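Colleague: using only what follows, build the 3D model:
(one chain, ligands or ions: 1)
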Amino acid sequence: DWSMRAFREEAVARIRETVGPGRVICGLSGGVDSAVAAVLIHEALGDQLTCVLVDHGLMRTAEAERVVTMFRESYNIPLVNVDAEALFLGALEGVTDPEQKRKIIGKLFIDVFEAEAKKLADAGGGPADFLAQGTLYPDVIESVSFTGGPSVTIKSHHNVGGLPARMNMKLVEPLRELFKDEVRALGRELGLPEVFVGRHPFPGPGLAIRCPGAVTKEKVEILRKADAIFLEEIRRAGLYDDIWQAFAVLLPVRTVGVMGDGRTYDHVCALRAVTSVDGMTADFYPFDMGFLGAVATRIVNEVQGINRVTYDITSKPPGTIEWE
Ligand code: XMP
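Modeller: Numbers count the residues shown, from 1 in each chain. Next up, the predicted model:
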């Protein structure tokens with residue numbers, strides 16, 4: 001892609017100019033955006049860059065492992081993988097308000113980075129001067145205001161708040177002017193594998209915002225199983241690339257069901273799948289009913305804790321893609 005080749009060259013030059021001989025820490029989320037940002041910065045700065053993946057225990061099955069393996073084996077980019085599940089789940093305990101969840105997660109991400117940055121500095125090489133993130137243009141706008149309406153915050157994206165002054169680090173956000181399709185094109189230009197570049201977006205706050213109500217480890221595990229079945233069926237049906245994003249949501253509502261000769265009283269799971277160009281607007285995906293029925297049967301049979309499945313047919317606007 002011609003325009004992405006030009007973007008790549010300019011971005012590399014700009015990163016070199018901004019950072020000079022400084023050191024950079026890049027936060028990886030497991031998703032495409034931060035990985036593309038890291039590979040780009042690595043091209044510009046080589047071993048001035050260290051990546052930190054904060055595993056908050058709120059990712060999908062195997063999401064984090066795949067990125068860790070790719071970075072270590074194919075790219076040889078130094079990567080610290082921090083297990084922070086207990087920290088995040090502890091801080092989220094009993095919290096039900098969606099914005100509060102997002103703020104807690106955003107703050108903890110920064111706290112963990114800060115701690116890791118300090119460890120790296122103590123281990124030699126001195127303090128890092130820059131924190132790199134894979135922030136995209138829609139992340140910036142949606143955290144600030146909503147198109148067409150008055151200036152209100154719809155959702156606080158986990159990576160848009162800026163940094164606390166005490167950190168004494170500057171931000172590097174080389175993708176800040178790009179939309180998702182452009183980031184994918186840039187990822188291809190940088191040689192990232194197609195299966196990775198084509199991945200659906202996944203929000204930084206992870207499964208916490210797909211568990212309306214209080215988040216617990218048990219609920220996250222139930223959700224992860226339902227989500228994996230839904231995605232597996234979508235891939236098997238060859239629909240993955242036609243869909244912008246697909247996922248399960250575990251509702252804090254229990255309903256009565258019957259299985260075998262017994263009564264069940266378990267959670268409801270909602271499935272969400274949308275088409276979109278940039279995430280700013282979206283339409284629900286028109287699966288055929290047979291497909292949805294088969295997914296529902298598998299989820300109820302295979303996931304203990306869920307006895308009812310619904311499909312979300314709201315478009316954006318007025319719905320948002322994520323439920324929180
Ligand atoms: P909504 O739910 O606002 O989502 O329609 C639009 C797109 O943004 C993703 N999203 C996030 N991505 N950090 C992210 O990196 C966040 O805090 C965040 N919140 C929502 C969402 O998955 C969808 O692709």
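Colleague: what residues does the stretch 101-250 of the chain put near the ligand?
Modeller: Listed as neighbours of the ligand in the stretch 101-250 of the chain under the rule Cβ under 6 Å from any ligand atom: 139, 142, 155, 157-158, 201, 203-205, 245. Placement of C-beta: from N, CA and C, glycine included.
Colleague: try it again at 5 Å.
Modeller: 157-158, 201, 203-204 (Cβ under 5 Å from any ligand atom).
Colleague: top of these by number of neighbours, please.
Modeller: Most neighbours among these, by other Cβ atoms under 10 Å: residue 158, with 29 neighbours.
Colleague: picking up where we left off before, sitting in strands, which of the residues of the stretch 101-250 of the chain next to the ligand do you find?
Modeller: Secondary-structure check on these using DSSP state E: no residue lies within strands.
Colleague: tally of neighbours for residue 17?
Modeller: Residue 17, neighbours per other Cβ under 10 Å, totals 9.
Colleague: how close does it sit to the ligand?
Modeller: From residue 17 across to the ligand, the span is 27 Å (Cβ to the nearest ligand atom, to the nearest Å).
Colleague: check for me that that residue belongs to a helix.
Modeller: Yes. Judged by DSSP: H, G, I helix; E, B strand; the rest coil, residue 17 forms part of a helix.
Colleague: touching, residue 220 and residue 209? I think so.
Modeller: No. If you go by Cβ atoms under 8 Å, residue 220 and residue 209 don't touch, sitting 11.4 Å apart.
Colleague: quick one on the thing from earlier: farthest pair within the residues of the stretch 101-250 of the chain next to the ligand?
Modeller: Maximum pairwise distance among these (Cβ to Cβ): 12.9 Å, between 158 and 201.
Colleague: intersection of neighbour lists for the two?
Modeller: Common neighbours of residue 158 and residue 201, using Cβ atoms under 8 Å, 6 or more residues apart in numbering, do not exist here.
Colleague: ok so, going back, nearest to residue 224 among the residues of the stretch 101-250 of the chain next to the ligand?
Modeller: Looking across these and measuring by Cβ to Cβ, the closest to residue 224 is residue 203, at 14.9 Å.
Colleague: residues touching the closest one, list them.
Modeller: Taking Cβ under 8 Å, 6+ apart, one finds 157-158, 209, 322 in contact with residue 203.
Colleague: then residue 114?
Modeller: Residue 114 neighbours (Cβ under 8 Å, 6+ apart): residue 167.
Colleague: where's it, which helix or strand?
Modeller: helix 98-122 (DSSP states H and E).
Colleague: I'd say residue 198 and residue 241 touch.
Modeller: Yes. The pair residue 198 and residue 241 passes the contact test of Cβ under 8 Å, sitting 6.1 Å apart.
Colleague: of those two, give the one with the bigger neighbour count.
Modeller: residue 198 (14 against 11).
Colleague: residue contacts, that one?
Modeller: Residue 198 touches 184, 240-241, counting by Cβ under 8 Å, 6+ apart.
Colleague: list the neighbouring strands of the next helix or strand after the helix holding residue 114 plus their orientation.
Modeller: Using DSSP H and E, the next helix or strand after helix 98-122 towards the C-terminus is strand 130-132. Paired neighbours of strand 130-132 in the sheet (DSSP bridges): strand 24-28 (parallel), strand 170-172 (parallel).
Colleague: after the last one, which helix or strand is next?
Modeller: Toward the C-terminus, strand 170-172 is succeeded by helix 180-189 as the next helix or strand (DSSP H and E).
Colleague: list the contacts of that following helix.
Modeller: In contact with helix 180-189 (Cβ under 8 Å, 6+ apart) are residues 1, 3-5, 7-8, 32-33, 35-36, 39-40, 134, 136, 138, 175, 178, 194, 196-198, 201, 277-279.
Colleague: same question, stretch 153-165
Modeller: Taking Cβ under 8 Å, 6+ apart as the rule, stretch 153-165 contacts 27, 98-99, 102-103, 105-106, 109-110, 131, 133-135, 139-140, 142-146, 169, 171, 203-205, 320, 322, 324.
Colleague: between the helix or strand of the chain with the lowest mean pLDDT and helix 98-122, how big is the angle?
Modeller: Least confident helix or strand of the chain, by mean pLDDT, DSSP states H and E, is helix 137-144 with a mean of 77. Interaxial angle, helix 137-144 versus helix 98-122 (axes from the mean of the first three to the mean of the last three Cα atoms, to 10 degrees): 120 degrees.
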